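Peer 1: What shape does this take:
(chains A and B)
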Amino acid sequence: MRRKLAPYLLILPGGLWLVLFLVVPLVFMASVSTQEGDVVYGFVQTFHLANYTDALVQYKTQFLRSVGYGLAGTVAAIALAYPVAYWIAFKGGSRKSTYLLLVLLPFFVSFVLRTVSWKFLLADDGILLQPLKDAGMLPADFHILATSVAVIGGLTYCYMPFMILPIYVALERVDPRVVEAAHDLYATPRESFTKIVLPLSLPGVFAGVLMTFVPMTSDYVNAAILGGPANTMIGNIIQTEYLTNNNYPVGAALSFTLMAVMLVGIFVYARALGTENVLEAAAR
Amino acid sequence: MTPPRDLAFLRGLTQRRGLPPNRGGDGVSRRDALRLAGLSAAAMGLAACGVQGKKVEPPKPSAAAGYWADKTKNGTLRFANWPLYIDKDGKKYPTLEKFTKETGIKVTYQEAIQDNSTWFGKIQPQLAAGQDIGYDLMVMTNGIQLTRAIALGYLVALDHEKLPNFAANAGAKYKNPTYDPDNTYTIPWQSGITGIAYNPKYVDGEIASIQELWNPKYKGKVGMLLDTQEIANFGLFALGIDPDKSTQADWEKAGQKLQQQRDAGLVRKYYENDYVDALVRGDIWICMAWSGDVFQQIAEGQDLKFVIPQEGGTIWTDNMCIPKTAQNPVDALAMMDYVYKPEVAAALAEYINYITPVPGAQQVVKADAAKASGEDKKSLELLASSPLIFPSESDLAKLRTYKTLTPAEEKVFERIFQPIAQG
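Peer 2: Residues are numbered from 1 along each chain as shown, chains lettered A, B, ... in the order given. Next up, the predicted model:
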């Protein structure tokens, strides 16, 4: 009897934690998202579903932009992270853990501070652009800050380690003997990569996408610090609605819509890759 | 970011100064960026359970008299203020120590307030439940949170008979503000101005008009503030409208004016508070700015200029007020009055570098400057003569306060102006 109960007892603390701090607030927020009123006179539950449609109509641009930035950032992160992970996994030798530490090192510096330092690097007359402008390689009014390039770049940079690590773990698991076998069977290096290594590493890529696309899409720090007027993301809007306008219902409705959009996106993507991979990725 | 150089600058890092009234704690502080990680949790909690506020009739003056009738001095005071917003010498607070010596009231001083909206979120449930918030005196900016606190009956109506120094020494501009008629609930702690700052390295000649922010010469080099009330005020000024008297039709016109500025590609960015560095670096050449930010840069030797446009600029004020559950209201009142002594106000101004509500402090700072030597003398002289700290009468005449919006107006207002800054 006791043995049967043990697994349940073990998940009890974590389960309670999730119920208390995830499920309960979610239910509250779902309730808030259909309320009407204002902060002085109080909010009243009226099941006002128009909060959702109004918010979506008003902020569809920022929504689409956020998803676009999330996708662009994720693709850029894969392109940059895969070679790094590959190199560490196969060529890292005995120094693997050092390289992994280096990948994680930026996390030891505040996220905001790292983003702010980009601003100094990329300033219009800063250390990067001024010399190029002086040399006549760029027009005088060229700038990177306050463009979508800066925001997507910032997003990619911030979440890169979350892409490198899962891909690394997946590649690390690839049995070198399988690759050797491919060589023995006259596969070219290209074939052994595309037919053996890449498919085996896809669960890692999937996990990496989960861990980067979702936070990138809801990020608001990069847009606030590196973006311009035309780069506002949905995260910034939610923040403003909550903290500035104290318009909790609209903020909550936007959050739920964002959550739904991302869940749907992720499941479509999971289907495309095959459910087995999802389970495998989730099991990591 | 440039390394912190002095206390005023540090304070700048932690304190919001743009105070948009209507928006109280919103996105305008540099701190915001630093605070990003932790804040949403608080707001969620607030949203989930805290905000079932109910508007209460604010107490009448007679009720105020009744409140004060049975209150006595207790000899202790718990004071909540913003970081680096009082003179400090090592670990000591000279002004507070003098206050204790003169009145026998011991002060527990906490830099508890980082932001109007988070602060209001923190104290609101306790005040709604009639519980002590742990402080007898707090400082809040004129803005939506303060308006809410008044509307919800959270603040004690002040006994002005016990505020003789305020009556005698406060500048006319700081009395009877529209957000708190007759200073019923609040009196100012410090103020600041929203005007135009520019970098003479890129901008030729003197800037006088707000229209310069619409000058095609500065295409892509204009910085505006993100705060909707701030940009709305400037849109209204540009059309020659006093924000405080503006109507919805005026807002719509101002919205068009600002949209046109944005569509023309003039605006580089709508800044939360990081515009000063951008201005120094040359990312922007001309921008909306808060006086304290620019004064600190000038004091650091940066060549920047700050003007109050001829069409008008805004003045905002951080206010002292007493929560209705205060344990030591009489002691709080004593402190409120104490800082209106010119010599005390001068000591505060010398440290804080914002606008003191006591014009008489200027003479005291001048006298201090005459006594001082070397670096101290220079900085005190700069302070005493700075129109950013002691604005002239003609400057003050150009300044307007924010419009106090009702919750219903606020929604309309946001709908007009927010899409401009956050398109």
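Peer 1: Residue ranges in the stretch 1-150 of chain A under the pLDDT threshold?
Peer 2: Scanning the stretch 1-150 of chain A for pLDDT under 70 picks out the ranges A:1-2, A:40.
Peer 1: tell me which parts of it are close to chain B?
Peer 2: Neighbours of chain B within the stretch 1-150 of chain A, by C-beta under 8 Å from any C-beta of the partner chain: A:25, A:28-29, A:32, A:38-43, A:58, A:61-62, A:110-113, A:116-117, A:119-120, A:123-126, A:141, A:143, A:145-146. In this view, the C-beta of every residue, glycine as well, is placed from N, C-alpha and C.
Peer 1: Can you list which of these are found in strands?
Peer 2: In this view, the residues of the stretch 1-150 of chain A next to chain B that belong to strands under DSSP state E are A:D38, A:G42, A:F43.
Peer 1: Just the buried ones out of those residues, please.
Peer 2: A:D38, A:F43 (16 or more other C-beta atoms under 10 Å in any protein chain shown).
Peer 1: Generate a PyMOL selection restricted to the buried subset of the residues of the stretch 1-150 of chain A next to chain B.
Peer 2: Buried subset of the residues of the stretch 1-150 of chain A next to chain B, written as a PyMOL selection, criterion 16+ other C-beta under 10 Å:
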select buried, chain A and resi 25+28+29+32+38+39+40+43+58+62+112+116+119+123+124+126+143+145+146
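Peer 1: got the residue ranges for the helices in chain A?
Peer 2: For chain A, the helices defined by DSSP state H cover A:2-18, A:24-32, A:50-91, A:96-104, A:111-121, A:129-134, A:148-172, A:176-184, A:189-192, A:198-218, A:221-226, A:234-239, A:248-273, A:275-283.
Peer 1: Any idea which of those helices gets closest to B:I322?
Peer 2: With C-beta to C-beta, the closest approach to B:I322 among the helices of chain A belongs to helix A:248-273: 28.0 Å.
Peer 1: now for that closest one, which elements pack on it?
Peer 2: For helix A:248-273, the packing partners by 3 or more C-beta pairs under 8 Å, 6 or more residues apart in numbering or on different chains; DSSP states H and E come out as helix A:24-32, strand A:35-38, helix A:50-91, helix A:198-218, helix A:234-239.
Peer 1: how about 6 Å then?
Peer 2: Secondary structure elements in contact with helix A:248-273, counted by 3 or more C-beta pairs under 6 Å, 6 or more residues apart in numbering or on different chains; DSSP states H and E, are helix A:24-32, helix A:50-91, helix A:234-239.
Peer 1: Adding distance to B:M336, write those out as TSV.
Peer 2: Below are the helices and strands packed on helix A:248-273 laid out as TSV (distance: least, C-beta to C-beta, whole Å):
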stretch	distance to B:M336
helix A:24-32	37
helix A:50-91	42
helix A:234-239	34
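Peer 1: Out of these, which is the most enclosed?
Peer 2: Sort the helices and strands packed on helix A:248-273 by mean neighbour count, taking mean count of other C-beta atoms under 10 Å in any protein chain shown, and helix A:234-239 sits at the top with a mean of 25.
Peer 1: Now do the same for it: mean pLDDT, whole number.
Peer 2: The predicted model assigns helix A:234-239 a mean pLDDT of 91.
Peer 1: I'd like to know which elements that helix is packed against.
Peer 2: So helix A:234-239, by 3+ C-beta pairs under 6 Å, 6+ apart, packs with helix A:50-91, helix A:248-273.
Peer 1: between the ones in strands among the residues of the stretch 1-150 of chain A next to chain B, which is nearest B:D303?
Peer 2: A:D38 (45.5 Å).
Peer 1: thinking that closest one is in contact with B:E409, fair?
Peer 2: No - here A:D38 does not reach B:E409: they are 10.7 Å apart, not a contact under C-beta atoms under 6 Å.
Peer 1: hmm, back to that, list just the nearest of the ones in strands among the residues of the stretch 1-150 of chain A next to chain B to A:A170.
Peer 2: Lowest distance from A:A170 to those (C-beta to C-beta) belongs to A:F43, with 46.4 Å.
Peer 1: Nearest spatial neighbour of B:F99, chain-adjacent residues omitted?
Peer 2: Counting by C-beta to C-beta, 6 or more residues apart in numbering or on different chains, B:F99 lies nearest to B:Y338, which is 5.3 Å off, once chain neighbours are set aside.
Peer 1: How many neighbouring residues does the one you found have?
Peer 2: 19 (other C-beta atoms under 10 Å in any protein chain shown).
Peer 1: got it, and the one 3 residues further on?
Peer 2: By other C-beta under 10 Å, the residues close to B:K341 number 21.
Peer 1: repeat for B:L226
Peer 2: By other C-beta under 10 Å, 29 other residues sit near B:L226.
Peer 1: ok, and the closest non-adjacent residue to it?
Peer 2: B:Y270 (4.2 Å).
Peer 1: Could you pull up the residues touching the one you found?
Peer 2: By C-beta atoms under 6 Å, 6 or more residues apart in numbering or on different chains, the residues touching B:Y270 are A:P229, B:M224, B:L226, B:A421.
Peer 1: how far away is the residue lying closest to the last one once chain neighbours are set aside from B:L405?
Peer 2: Residue nearest to B:A421 in three dimensions, not counting chain neighbours: B:Y270, with 4.1 Å by C-beta to C-beta, 6+ apart. Going from B:Y270 to B:L405 by C-beta to C-beta, to the nearest Å gives 20 Å.
Peer 1: Check what pLDDT the residue of the stretch 151-284 of chain A found nearest chain B gets.
Peer 2: Nearest residue of the stretch 151-284 of chain A to chain B: A:T244, at 3.4 Å (C-beta to the nearest C-beta). At A:T244, the model reports a pLDDT of 72.
Peer 1: What of A:A283?
Peer 2: Note on A:A283: pLDDT of 49.
Peer 1: Can you show me the CA trace of stretch B:339-354 as CSV?
Peer 2: Provided in CSV are the C-alpha atoms of stretch B:339-354 (Å, rounded to 0.1, in the frame of the first residue of the first chain):
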residue,chain,number,x,y,z
VAL,B,339,10.9,70.7,5.8
TYR,B,340,9.3,74.1,4.9
LYS,B,341,11.9,76.0,7.0
PRO,B,342,14.1,77.6,4.4
GLU,B,343,17.4,76.3,5.9
VAL,B,344,16.0,72.8,5.9
ALA,B,345,14.7,73.1,2.4
ALA,B,346,18.1,74.4,1.3
ALA,B,347,19.9,71.5,2.9
LEU,B,348,17.5,69.1,1.0
ALA,B,349,17.9,71.0,-2.3
GLU,B,350,21.7,71.0,-2.1
TYR,B,351,21.5,67.2,-2.0
ILE,B,352,18.5,66.3,-4.1
ASN,B,353,19.0,68.8,-7.0
TYR,B,354,15.3,69.0,-7.8
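Peer 1: Can you pull out the residues in contact with that stretch?
Peer 2: With C-beta under 6 Å, 6+ apart, stretch B:339-354 has contacts from B:8, B:87, B:95, B:165-166, B:169, B:190, B:192, B:292, B:295, B:356, B:358, B:360-361, B:364-365.
Peer 1: what residues are up against residue 258?
Peer 2: No chain in the question, so chain A it is. Counting by C-beta under 6 Å, 6+ apart, A:L258 has contacts A:I234.
Peer 1: Chain B is the one I meant
Peer 2: By C-beta under 6 Å, 6+ apart, the residues touching B:L258 are B:I231, B:G235, B:I420.
Peer 1: between these, which is nearest B:L127?
Peer 2: Nearest to B:L127 among these: B:I231, at 31.5 Å, using C-beta to C-beta.
Peer 1: circling back: dump the helices of chain A to JSON lines, plus distance to B:D159.
Peer 2: JSON lines is the format used below for these (distance: least, C-beta to C-beta, whole Å):
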{"stretch": "helix A:2-18", "distance to B:D159": "50"}
{"stretch": "helix A:24-32", "distance to B:D159": "40"}
{"stretch": "helix A:50-91", "distance to B:D159": "44"}
{"stretch": "helix A:96-104", "distance to B:D159": "59"}
{"stretch": "helix A:111-121", "distance to B:D159": "44"}
{"stretch": "helix A:129-134", "distance to B:D159": "60"}
{"stretch": "helix A:148-172", "distance to B:D159": "53"}
{"stretch": "helix A:176-184", "distance to B:D159": "83"}
{"stretch": "helix A:189-192", "distance to B:D159": "86"}
{"stretch": "helix A:198-218", "distance to B:D159": "49"}
{"stretch": "helix A:221-226", "distance to B:D159": "44"}
{"stretch": "helix A:234-239", "distance to B:D159": "40"}
{"stretch": "helix A:248-273", "distance to B:D159": "36"}
{"stretch": "helix A:275-283", "distance to B:D159": "64"}
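Peer 1: Cool, thanks, talk later.
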